[in-house]
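> everything below, folded, please.
(chains A, B, C and D, ligands or ions: 2)
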Amino acid sequence: MKLDSMYQDIILDHYKNPHGKGLRDGDAEVHHVNPTCGDEITLRVRLDGGKVADVSYEGQGCSISQASASVLNELLVGRELDDAVRIQEAFLELMQSKGQAEPDEDVLEDAVAFAGVSKYPARVKCALLSWMAWKDATAKALSEKETA
Amino acid sequence: MKLDSMYQDIILDHYKNPHGKGLRDGDAEVHHVNPTCGDEITLRVRLDGGKVADVSYEGQGCSISQASASVLNELLVGRELDDAVRIQEAFLELMQSKGQAEPDEDVLEDAVAFAGVSKYPARVKCALLSWMAWKDATAKALSEKETA
Amino acid sequence: MTQLPGLLPGLLDTEAIRKDFPVLDRQVHEGHKLVYLDNAATSQKPRQVLDALNEYYERHNANVHRGVHVLAEEATALYEGARDKVAAFVNAPSRDEVIFTKNASESLNLVANMLGWADEPYRVDRDTEIVITEMEHHSNIVPWQLLAQRTGAQLKWFGLTDEGRLDLSEIDRVITERTKVVSFTLVSNIMGTVNPVEQIVRRAQEVGALVVVDASQAAPHMVLDVQALQADFVAFTGHKMCGPTGIGVLWGRQELLEDLPPFLGGGEMIETVSMSSSTYAPAPHKFEAGTPPIAQAVGLGAAVDYLTSIGMERIARHEHAITEYAVRRLKEVPDLRIIGPATAEDRGAAISFTLGDIHPHDVGQVLDEQGIAVRVGHHCARPVCLRYGIPATTRASFYLYSTPAEVDALVDGLEHVRNFFG
Amino acid sequence: MTQLPGLLPGLLDTEAIRKDFPVLDRQVHEGHKLVYLDNAATSQKPRQVLDALNEYYERHNANVHRGVHVLAEEATALYEGARDKVAAFVNAPSRDEVIFTKNASESLNLVANMLGWADEPYRVDRDTEIVITEMEHHSNIVPWQLLAQRTGAQLKWFGLTDEGRLDLSEIDRVITERTKVVSFTLVSNIMGTVNPVEQIVRRAQEVGALVVVDASQAAPHMVLDVQALQADFVAFTGHKMCGPTGIGVLWGRQELLEDLPPFLGGGEMIETVSMSSSTYAPAPHKFEAGTPPIAQAVGLGAAVDYLTSIGMERIARHEHAITEYAVRRLKEVPDLRIIGPATAEDRGAAISFTLGDIHPHDVGQVLDEQGIAVRVGHHCARPVCLRYGIPATTRASFYLYSTPAEVDALVDGLEHVRNFFG
Ligand SMILES: Cc1ncc(COP(=O)(O)O)c(C=O)c1O
Ligand SMILES: Cc1ncc(COP(=O)(O)O)c(C=O)c1O
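Numbering: from 1, shown residues only, chains lettered A, B, ... in the order given. Ligands and ions are numbered 1, 2, ... in the order given. Next up, the predicted model:
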């Protein structure tokens, strides 16, 4: 069944048992909305030196957007910022591939499970919601550090 | 040829030799425009007791609108106002008949030639321009007399 | 799936009707028959409407008005003929009260803008109030928010009861002597609620406020009589009533259309233009700037003919039967909560619900996989979601071609959704 | 009638092209072949466009955006795909700069309204000036008159030379430091004049005024490159370029679309709505309130494909050849006076003329009787008629399917007109 290509077990697992959910202290906070469906996320980033020390979040949304935030937390927390940015870019590319890309499991780990979602244009934004929020929050955190 | 039903000789004659064209003294003046084609007419009515003493006019327009003003002048000047109104109404009815009416030659005289025009929706307004102006000017003249 | 042929009173002969709608034969996702339950978003189009469009473009296409050639006369007659049809369809006292727009949203914006630029007594300004409701479609909220921002008028609204109905308990405090305009939907697109027009109109008339009725979800589904409504303006949209996209209607009372200023300026809406000033044509042309949606009006005329040939009362009865059946069957689904009226009384054929805490996006996706097309999200009525503390709903909405079997398919599909995320 | 096959350089294979346009086979007035020379009013539609419309309605019809079901995804992909096509057609730097409207008139009103409600530095108010020209279509006059009336801004314009060209001799006095916006047509719909964009844009940029180009008569007929134009906004309309009625385009520079306020409010154009306030989606959606003209955008996309498959340079060359031939032949007609440029240089394929003192209405009627469709009147450009002291003109306008034989038919027809009224 084609559905299974979207709702991989990994995704459903993350949806049911999200990693790192909840809001904790951070250097910057953003609130993103998906106007298409009303999904919302509040996301905080804490940086520590060149590292992603924490990504915490709270929000409402479908399994895809929830699981995606959970995977993001799992993948990015503890990384060097450069690596994290590279992963974010790889994920963005995967989601824009319309099901055509061969994701690199070494880079994306659990996030490869989202390859199937990229075939559903209406859901791509769900998957990207937290990742765009993370990018935005990180930029904000960096610029605040700079001006501080 | 179907054209001949619109451009009856009577109409072409009136067009080439219009009756009573030019502006003369009147009790009321109106200016009417046909926004569809830009035809314009300035028309004055002079009443004398219960009679249409004069209808004078100036304007630009196609053969149909010019001829119609000329026929109007010929038909209405010198009439009792009641009769004139009746003729105006008969003409209006004819023009709205979409080619279906049998015009009454006793009432409409030369104006029966416009029966063919009523088949051409775009030209009906041309034929009616002066008649609507006359109706308007007459109402104005009457109300001015009243208030005077 | 349990077919219930003949068991529901008032059903139309959907077998025959469905033959008129080519898209309903479509198969999706490898062999699933399309079950189209997204009619509140847009309806499908019968062959008769597509034929009218093709006939227009293949034989009569020309720009309307100011043409003396055959095609221009034919196109004008078809376009103006469509106006006659729409006028008759809504029982308008005069055909000149029917303005063609591009959709209901433009119709509503048109009213809001006219009132913003109007002279007294219509002018909306900082000393006045605008009243809407919490169940409006965004297209009947945002134009009034913009008008309020730009004029300084105050925007007020009726709230909702827990049952998805307008809370009119404070009607005299909401609609006051300062109220210039009251705009509300006849039928909610998210909850299906049919609103009590008479009570609102009575109060509005008491204070001399204009009444605007958004009939976008009414015109397709029931007899719409603008005279019976006693409203001043009524807006609706072609694509939800078997017509093409790109066409909407604003009906307005003639005296108002005469008095109110134009909105869009351009060709067709003028009487005479010079560089320094212009005068405007009488309504409806005054409000139809530029080349109108000619083919779309013709298509809407054909849609009106189609609906009329079946009969709006019969369509309403059919939908009522389907809705009654759907409400009953949906209540059998565990964890399903209907947002809006929980019976088929005083409600249209759109039913919103939540399913446990499975997100509507996920519900819709799994239904789609089975060929069942529903809409998910806030349905351009986000304040309703906020009001009921939910992020979104799943909405199934029916039309003249909907069948009990499709309701069954939906219920079975929801069972599948529950298992999938169970 | 003298056919001149192959004698004119650059002609297209009209025999093949005409097969694509069903209406061109039409006979009118008992057996007269239709000679359609009213292309400046609206073009005919090729089979390819009608097929796209039918395919859309018969297989994919759904409301766009916010849908997870198959039809909604397909309809959205088709609608947004049409945006890509139009963006490529006009060489837009970004697809998000292409806004779908209902016609060019709405596009122009949209700009005028944005500027009226904008913050500084764009705001048009009583201390500022708006510049247009005397050869504009009413749709590029009335919106600016309304804006001037409503804001107190001053409306100024370029006059015309006796040859039907813009009189730019006083350009520095017309466009001044107070000028906020300059709006003009690229090609005149009544005289065919092609205007010197560069000179006007240069002066506008000097004073920091925004430039709006009305490309309604350009987009169908020549390569349109919004980047080369260096304008800020470009408006055009679908029905004149082989597309359906009910669809127009506004292209605008991204920064401007970001900064400027919305016009119509409603569904689709919002980011988030609550009863007390709303935020707006990014462009282009910010300017597309309500259900868009979906099928019509898809049809316009097909029209763009069709035109591109033939090639806009080749279409321009064809029309130039026809226009040159027509100008030459029309000059042979006694008492015929061309209103506008008297050669084929820097002019489009619309030719207006008067014929002695036979009123254009009469000219058009007698031509129609022979199957020849021309437009008569002031062509929504009444100031041009006033300028040249004439009540109206007869206008013949050509397109990619026009033939030299049709020019001959026109000339013969005019001979007949002269005899009839002689
Ligand atoms: C130069 C020009 N501008 C604007 C328009 C308006 O286009 P529309 O009527 O499609 O809005 C037209 C055509 O009617 C035109 O020729
Ligand atoms: C109640 C209601 N009002 C207004 C609209 C807006 O209609 P449109 O999108 O055609 O402008 C809709 C549908 O979208 C609706 O359901």
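> for A:Ser63, which non-adjacent residue is closest in space?
A:Tyr15 (4.1 Å; Cβ to Cβ, 6 or more residues apart in numbering or on different chains). No exception for glycine: its C-beta is placed from N, CA and C like everyone else's.
> confidence score at residue 87?
All of this is about chain A. At A:Ile87, the predicted lDDT confidence score is 96.
> wait, I meant chain C there
pLDDT at C:Ala87 comes out at 98.
> same check on A:Gly49?
pLDDT, read off for A:Gly49, is 88.
> could you check how far it is from ligand 2?
51 Å (Cβ to the nearest ligand atom, to the nearest Å).
> burial measure for that residue, as a count.
Using other Cβ atoms under 10 Å in any protein chain shown, A:Gly49 has 7 neighbouring residues.
> what does the one 5 residues further on give?
A:Asp54: 19 surrounding residues under other Cβ under 10 Å.
> verify the stated contact: it with A:Leu23.
No: if you go by Cβ atoms under 8 Å, A:Asp54 and A:Leu23 don't touch, sitting 10.4 Å apart.
> the residue nearest to A:Ser63: helix or strand, and which one exactly?
According to DSSP states H and E, A:Tyr15 maps onto helix A:9-16.
> how far does that helix sit from its chain's centre?
14 Å (Cα atoms, centre = their mean, to the nearest Å).
> okay, now the residue of the stretch 301-422 of chain C found nearest chain B: neighbour count?
Per Cβ to the nearest Cβ, C:Gly301 is where the stretch 301-422 of chain C lies closest to chain B, at 17.3 Å. Counted with other Cβ under 10 Å, the neighbours of C:Gly301 add up to 25.
> secondary structure class for it?
Recorded secondary structure, C:Gly301: helix (DSSP: H, G, I helix; E, B strand; the rest coil).
> contacting residues around it?
C:52, C:78, C:81-82, C:85-86 (Cβ atoms under 8 Å, 6 or more residues apart in numbering or on different chains).
> recalculate using a threshold of 10 Å.
By Cβ atoms under 10 Å, 6 or more residues apart in numbering or on different chains, the contact set of C:Gly301 is C:49, C:52, C:78-86, C:89, C:238, C:243, C:247.
> per-residue pLDDT of it, please?
The predicted local confidence for C:Gly301 is 98.
> how far away is it from C:Ala88?
Note on C:Gly301: its distance to C:Ala88, by Cβ to Cβ, to the nearest Å, is 10 Å.
> equivalent analysis for C:Glu268, please.
Going from C:Glu268 to C:Ala88 by Cβ to Cβ gives 23 Å.
> over to C:Leu210?
From C:Leu210 across to C:Ala88, the span is 24 Å (Cβ to Cβ).
> same check, this time on C:Asp305
10 Å.
> my guess is C:Val226 meets C:Val212, correct?
No: using Cβ atoms under 10 Å, C:Val226 is not in contact with C:Val212, being 11.7 Å away.
> okay, those two: which has more neighbours?
Set side by side, C:Val226 and C:Val212 show more neighbours around C:Val212, with 29 against 23, by other Cβ under 10 Å.
> tell me the phi and psi of that one?
Dihedral pair for C:Val212: phi -110, psi 130, per degrees, to the nearest 10.
> just the pLDDT for C:Leu4.
Predicted confidence (pLDDT) for C:Leu4: 51.
> contacts only, for the residue nearest to A:Ser63.
Contacts of A:Tyr15 by Cβ under 10 Å, 6+ apart are A:7, A:61-70, C:359, C:362, C:421.
> now chain C, which segments are flagged as low pLDDT?
Applying pLDDT under 70 to chain C flags residues C:1-7.
> one more pass at 80, please.
Chain C contains residues with pLDDT under 80 at C:1-7, C:66-67.
> residues from it in reach of chain B?
Counting by Cβ under 10 Å from any Cβ of the partner chain, chain C comes close to chain B at C:65-69, C:72-74, C:76-77, C:80, C:268-273, C:279-282, C:285.
> among those, name the buried ones.
Listed as buried from the residues of chain C next to chain B are C:65-69, C:72-74, C:76, C:80, C:268-270, C:272-273, C:280-281, C:285; burial here means 16 or more other Cβ atoms under 10 Å in any protein chain shown.
> quick check: the residue of chain A nearest chain C.
Nearest residue of chain A to chain C (Cβ to the nearest Cβ) works out as A:Cys62 at 3.4 Å.
> distance of that residue from A:Ile41?
Taking Cβ to Cβ as the measure, A:Cys62 falls 12 Å from A:Ile41.
> and for the two, which residues touch both?
Common neighbours of A:Cys62 and A:Ile41 (criterion: Cβ under 10 Å, 6+ apart): A:34, A:68, A:129.
> give me the three-state assignment for the closest residue to the second one other than its chain neighbours.
In space, and not counting its chain neighbours, A:Ser68 is closest to A:Ala127: 4.7 Å by Cβ to Cβ, 6+ apart. Under the three-state scheme (three-state DSSP), A:Ala127 adopts helix.
> now A:Ala127: how far from D:Val23?
Noted for A:Ala127: a distance of 48 Å to D:Val23, by Cβ to Cβ.
> could you do A:Gly78 as well?
A:Gly78 is 68 Å from D:Val23, by Cβ to Cβ.
> more neighbours: which of those two?
Each of A:Gly78 and D:Val23 has its neighbours counted (other Cβ under 10 Å); D:Val23 has more, 17 against 13.
> which non-adjacent residue is nearest that one?
D:Gln44 (5.0 Å).
> same question, C:Thr161
Using Cβ to Cβ, 6+ apart and skipping the chain neighbours, the partner closest in space to C:Thr161 is C:Asp167 (5.1 Å).
> same check, this time on C:Val407
Distances taken as Cβ to Cβ, 6+ apart put C:Ala326 closest to C:Val407, at 4.7 Å, once the chain neighbours are dropped.
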